[in-house]
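Asks: below are the sequence and a predicted model; questions follow.
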Amino acid sequence: MPSNVRFAVVKKLLESKGYVLAQVSGSHHVLKKAGAAPQVVPVHHNQVKYAYYRQAQKAP
C-alpha cells in the first residue's frame, strides 16, 4: 500500500480542479466547489492518507 501524501499535494490537486478551502474544523479541511460535493480531507502532522489523495484525483 502506498504511503501517506503531504496535504500540500492534495490541496494543490483540488485547487487545480476549482476547489477552494472553505473551512478547517480541527483536523478536517473542507474544500468546496460550486456544483460539486465538498471534499473533506483529514490532515494529521501535515500528512493525508493515500485513500484521500485517490479520492481527490477522482473528484470532478
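Replies: Arrived safely, thanks for sending. Residues are numbered from 1 along each chain as shown.
Asks: only C-alpha atoms from now on, for both contacts and neighbour counts.
Replies: Noted.
Asks: okay, and for the protein, where does confidence drop off?
Replies: Filtered on pLDDT under 70, the chain yields the residue ranges 1.
Asks: switch to 90 and redo it
Replies: Along the chain, segments meeting pLDDT under 90 span 1-3.
Asks: ok, which stretches of it are strands?
Replies: 5-6, 20-25, 28-32, 39-42, 47-48 (DSSP state E).
Asks: hmm, who's touching the second one?
Replies: Outside of strand 20-25, the residues within contact range by CA atoms under 8 Å, 6 or more residues apart in numbering are 14, 29-33.
Asks: out of these, who's nearest residue 58?
Replies: Distance to residue 58 across the contacts of strand 20-25 (CA to CA) is lowest for residue 14, with 9.9 Å.
Asks: among the strands of the chain, which is nearest residue 56?
Replies: Per CA to CA, nearest to residue 56 of those: strand 39-42, 7.6 Å.
Asks: flag every buried residue along that closest one.
Replies: Across strand 39-42, burial judged by 16 or more other CA atoms under 10 Å covers 39-42.
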